[in-house]
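Novice: okay, sequence plus prediction incoming.
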Amino acid sequence: MKQPATKEFQEIKDVLGRWIDAASNRDIDAIMELYHDDICSYDAVGPLQFNGRTEYHAHWKRCMPDHGEMIFQSREPVIRASGQLAVAHFLIRCGIRNEDGSEQASWMRASKHLEKQDGQWRIVHEHFSVPFDIESGEAQFGLAP
């Protein structure tokens, strides 16, 4: 899908790129700078939701492994922006590459809703999910775009 090369599009794409870089580098402080104070996240890792920067920061600390190379690989986002609000959705591959070269990673679905405050776009809501097979009820970690 061809998207307009607007200022908003590039600003939001930059936020998403900074998020990928920070997550890849395990830089939780840099990740958290991109979130709105009232962030609500529906992460793929439970519980059902996280509310506020403090709660979500603690979740990131719990989930960030201290071994292996982080994998955060995003497909081109689809971005819609109007005024002070924007939404982006994309496929993202998340996980780790172990020292032996093996990977624990899968493709997931992601959406981020952003709000512009004081001239800066901040992520106010995000949702990550893994599809599941309706017959077996099992997550489909092996899917690829």
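Specialist: The structure has been received and is ready for your questions. Numbers count the residues shown, from 1 in each chain.

Novice: name whatever forms a beta bridge with the residue nearest the centre of the chain.
Specialist: Among the residues of the chain, the one closest to the centroid is residue 110, at 6.1 Å (Cα atoms, centre = their mean). In this entry, residue 110 is beta-bridged to residue 90, residue 128, by DSSP bridges.

Novice: got the contact list for it?
Specialist: 74, 89, 90, 91, 92, 126, 127, 128 (Cβ atoms under 8 Å, 6 or more residues apart in numbering). C-betas here are computed from N, CA, C, even on glycine.

Novice: alpha carbons only: can I get stretch 82-97 in PDB?
Specialist: The C-alpha trace of stretch 82-97 is given here as PDB (Å, rounded to 0.1, in the frame of the first residue of the first chain):
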ATOM      1  CA  SER A  82      -5.600  12.900  11.500                       C
ATOM      2  CA  GLY A  83      -4.900  15.900  13.700                       C
ATOM      3  CA  GLN A  84      -3.500  14.800  17.100                       C
ATOM      4  CA  LEU A  85      -4.300  11.100  16.700                       C
ATOM      5  CA  ALA A  86      -2.700   8.300  14.600                       C
ATOM      6  CA  VAL A  87      -2.800   4.600  14.300                       C
ATOM      7  CA  ALA A  88      -0.200   2.200  12.800                       C
ATOM      8  CA  HIS A  89      -0.500  -1.500  12.200                       C
ATOM      9  CA  PHE A  90       2.100  -3.900  11.000                       C
ATOM     10  CA  LEU A  91       3.500  -7.400  11.300                       C
ATOM     11  CA  ILE A  92       6.500  -7.800  13.600                       C
ATOM     12  CA  ARG A  93       8.900 -10.700  14.300                       C
ATOM     13  CA  CYS A  94       9.900 -10.800  18.000                       C
ATOM     14  CA  GLY A  95      12.200 -13.000  20.000                       C
ATOM     15  CA  ILE A  96      15.800 -13.900  20.700                       C
ATOM     16  CA  ARG A  97      18.700 -15.400  18.800                       C
END
